[in-house]
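Asks: Need coordinates for the below:
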Amino acid sequence: MSAAYQEVTDALVALLSPYGDRLEVVKESSWGYYLQSKKPVRKKGQLMFAAVRAGKAYVSYHLMPIYMNEPLQATISPALRKRMQGKACFNFKELPEPAVLDELRALTEAGFRSFEAAGYI
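Replies: The predicted structure follows:
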């Protein structure tokens, strides 16, 4: 992984690491970080909360609570939305601006609260 991608990965993992004690850390390695619910959700098993994955073309930040929450999706700014791939993934080739990181941090916190309210934690 390039130094630039490592810097992006570290910044995005830092957004998720505060939740590592309240969720289950499934994978933690040099490529990224993966969090899921501690308990099974219905019969389908545990539910993914968020992940960071460094690929060849970009670093991805997956935040599943926004996939399930249209009101939360509506709060995403145009600056962050332009980095959106699909309904729950944001791609970064370089370190995001501080305002984008702050918004992603707030979105992650709101997603965690909705995850908690739904009983997934």
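
Asks: what distance separates the helix or strand Ala50 falls within from the middle of the whole chain?
Replies: For Ala50, the element it lies in under DSSP states H and E is strand 48-54. In this view, strand 48-54 has its centroid 5 Å away from the chain centroid, taken as C-alpha atoms, centre = their mean, to the nearest Å.

Asks: Name the residues that touch that strand?
Replies: 1, 5-6, 8-9, 12-13, 16, 19, 23, 27, 31-37, 59-65, 108, 111-112, 115, 120 (C-beta atoms under 8 Å, 6 or more residues apart in numbering). Yep, even glycine has a C-beta here, placed from its N, CA and C like the rest.

Asks: Over to stretch 68-75?
Replies: So stretch 68-75 is contacted by Pro65, Ile66, Lys87, Leu107, Ala110, Gly111, Ser114 (C-beta under 8 Å, 6+ apart).

Asks: thinking again about what came up before, in helices, which of the contacts of strand 48-54 fall?
Replies: Judged by DSSP state H, the subset of the contacts of strand 48-54 located in helices is 5-6, 8-9, 12-13, 16, 64-65, 108, 111-112, 115.

Asks: For Ala14, see how far away the residue lying farthest from the centre of the chain is.
Replies: Computed with C-alpha atoms, centre = their mean, the maximum C-alpha offset from the centroid of the chain is found at Lys43, amounting to 23.7 Å. Taking C-beta to C-beta, to the nearest Å as the measure, Lys43 falls 34 Å from Ala14.

Asks: Where does pLDDT dip in this protein?
Replies: 1, 28-31 (pLDDT under 70).

Asks: same thing but 80
Replies: The model of the chain has pLDDT under 80 over residues 1-2, 4, 27-32, 42-44, 121.

Asks: follow-up on the earlier one: and the contacts of stretch 68-75, which of them are buried?
Replies: The neighbour count (16 or more other C-beta atoms under 10 Å) marks Pro65, Ile66, Leu107, Ala110, Gly111, Ser114 as buried among the contacts of stretch 68-75.

Asks: Which members of those residues are the farthest-apart pair?
Replies: Taking C-beta to C-beta, the two most distant members of the buried ones among the contacts of stretch 68-75 are Leu107 and Ser114; they sit 10.5 Å apart.
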